[in-house]
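Asks: give me a 3D structure for the following:
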Amino acid sequence: MLMYLLLFSMFLAGILSFTLNRKHLLMMLLSLEFIVISLYLSMFMYLSLMNYEYFFSMIFLTMSVCEGALGLSVLILLVRVHGNDYIMTFSSLW
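Replies: From the prediction side, this is the model:
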């Protein structure tokens with residue numbers, strides 16, 4: 001029970017850091033990866049507790065790696081175009 005509480009607090013800390021670090025795109029991507037890691041650990045604990053197979057966790061890891069690569073490529077593109085990773089300079093709507 002304590003392990004699930006710890007994983008849930010990791011998830012909430014990731015969401016809190018995501019909402020508080022809205023200025024930099026790199027910090028937002030790092031907090032998203034922290035959320036993905038906490039979700040993966042909780043899913044792995046659940047699957048091992050119920051004695052299920054780990055195929056879904058491999059699909060989840062594959063999708064999270066694709067998400068990370070896409071986020072880094074968008075970060076590199078925006079830094080090359082705008083010169084920084086501040087969210088406020090990307091759009092004139094903010």
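
Asks: flag every buried residue along stretch 41-49.
Replies: Residues 41-43 are the ones in stretch 41-49 that count as buried (16 or more other CB atoms under 10 Å). All C-beta spots, glycine's among them, are computed from the backbone N, C-alpha and C.

Asks: just the buried positions in the longest helix that the chain contains, please.
Replies: If you go by DSSP state H, the chain has its longest helix at helix 55-82. Residues of helix 55-82 classed as buried by neighbour count (16+ other CB under 10 Å): 57, 60, 64, 71, 75, 78.

Asks: so what's residue 57 up against?
Replies: 40, 43-44, 47 (CB atoms under 8 Å, 6 or more residues apart in numbering).

Asks: export those residues to TSV and tack on pLDDT, distance to residue 89 and secondary structure?
Replies: Formatted as TSV, those follow (pLDDT from 0 to 100; distance: CB to CB, whole Å; DSSP: H, G, I helix; E, B strand; the rest coil):
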residue	pLDDT	distance to residue 89	secondary structure
40	94	33	helix
43	92	37	helix
44	92	39	helix
47	90	43	helix
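
Asks: now, which of the residues you listed sits nearest residue 82?
Replies: residue 40 (32.0 Å; CB to CB).

Asks: ok, the nearest residue to the closest one once chain neighbours are set aside to residue 45 distance?
Replies: Closest residue to residue 40 apart from its sequence neighbours, by CB to CB, 6 or more residues apart in numbering: residue 60 at 6.1 Å. As judged by CB to CB, to the nearest Å, residue 60 and residue 45 stand 13 Å apart.

Asks: same question, residue 37
Replies: 13 Å.

Asks: where in this protein is pLDDT low?
Replies: Under the criterion pLDDT under 70, the flagged ranges of the chain are 90-94.

Asks: try it again at 80.
Replies: The chain contains residues with pLDDT under 80 at 1, 87-94.

Asks: so for this protein, the centremost residue is which one?
Replies: In the chain, the centroid-proximal residue (CA atoms, centre = their mean) is residue 32; its distance is 2.0 Å.

Asks: cheers, nothing more for now.
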